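1. Return atomic coordinates for the entry below.
(one chain, ligands or ions: 1)
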Amino acid sequence: MNKAVYSLGLGPGDHELITVKAIRILKESDVVVVPQSNKQGRSVAREVILHYIDASKVHMYYIPMTNNKEELVRRYTGLAAKIKEMVGQDKSVSYVTQGDPTIYSTSNYLTEKLNAVGIRVNHVPGISSINAAASMIGLPLSVKKENFGVYEMPADPESVADLIQRHPTTVFMKVNNKLPTLIETVKRMKPAKAFLVRRIGLDGESVYDMLNGAPPPKSAYLSVAVIKRGQKSCKIPEKQK
Ligand SMILES: C[S@@+](CC[C@H](N)C(=O)[O-])C[C@H]1O[C@@H](n2cnc3c(N)ncnc32)[C@H](O)[C@@H]1O
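-> Numbers count the residues shown, from 1 in each chain. Modelled structure (predicted):
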């Protein structure tokens, strides 16, 4: 029976927001694979793990940020084959992801490809940017008898407004260049609270209150928005639609 490979969540980027279990497995691994979307750019995951292991154990692997499905399948299949080869050489292998591996993560695709070539994967959860964002602003995501929704940020204001109306609390991930749409919609809807939390645990970490009129941050890359609608539904006034 093959040794299991580990998928490890590393938390949002602060090296202290990683689990004791993930640190133990990182140290026990012969190889730690870090999928990287930017060939030259900085890898937050790499920086986190270098607090705990030597760079010689780290294997960077390029996964392009593209919508070209064929290319992505090729890269993930190639990485799964490489990991299988390492396991065949009796190496213990783990691969890592920022936040939690089950949320919008390269790990989900890689796990699928590994399972397809007969490799078993053990998962270690990480603190997601959703939890970290709520902690930074010190507000609950949900209280008794309430619920909250998590969405990838839509591009059009109607969808943004529709999602905000659905739950007492709404979290938008991957805000990126859609920040102006979000700010505009939020200002028209006037929810109880609306925050953008940027670069949690990293240099430039900041919280922006979208209702207070301060100039918005230049970039919303690595940002999570937390919108609290309040108890009542909150809609864009009819005449503004
Ligand atoms: C590809 S998803 C990865 C999510 C990750 N697996 C998690 O559990 O948080 C990338 C999105 O996660 C959020 N994110 C990840 N790390 C973050 C951080 N340090 N600060 C703020 N947002 C972050 C942003 O919304 C970003 O666009």
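
2. what's near enough to touch the residue in the chain that the ligand sits nearest to?
-> The minimum distance from the chain to the ligand, using CB to the nearest ligand atom, falls at G99 (2.1 Å). C-beta: built from backbone N, CA, C; applies to glycine. Residues counted as contacts of G99 (CB atoms under 8 Å, 6 or more residues apart in numbering) are 9-12, 105, 126-129, 132.

3. would TSV of the residues you listed with secondary structure and pLDDT be doable?
-> Converted to TSV, those look like this (DSSP: H, G, I helix; E, B strand; the rest coil; pLDDT from 0 to 100):
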residue	secondary structure	pLDDT
G9	strand	98
L10	coil	98
G11	strand	98
P12	coil	97
S105	coil	94
G126	coil	98
I127	coil	98
S128	coil	98
S129	helix	98
A132	helix	98
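
4. of these, closest to S219?
-> Minimum separation from S219 among the contacts of G99 (CB to CB) is found for S129, which lies at 15.7 Å.

5. What count of nearby residues applies to the closest one?
-> Around S129 sit 26 other residues, with neighbours defined as other CB atoms under 10 Å.

6. Could you find the closest non-adjacent residue to the residue of the chain closest to the ligand?
-> Nearest-residue entry for G99: S128, 4.5 Å, with adjacent residues in sequence omitted and distances by CB to CB, 6 or more residues apart in numbering.

7. List the residues that contact that neighbour.
-> When contacts are counted by CB under 8 Å, 6+ apart, S128 touches 9, 12, 99-100, 103.

8. Tell me the most packed of those residues, by neighbour count.
-> Neighbour counts for the contacts of S128 peak at P12, which has 30 neighbours (criterion: other CB under 10 Å).

9. doesn't Q98 make contact with that residue?
-> Yes: P12 is within contact range of Q98, at 6.7 Å (criterion: CB atoms under 8 Å).

10. Find residues that contact each of the two.
-> Common contacts of P12 and Q98, defined by CB under 8 Å, 6+ apart, comprise S129.

11. Low-confidence regions, the protein specifically.
-> In the predicted model of the chain, residues 1-2, 231-241 satisfy pLDDT under 70.

12. now do 90
-> Low-confidence segments of the chain, defined by pLDDT under 90, span residues 1-4, 37-42, 64-67, 213-221, 230-241.
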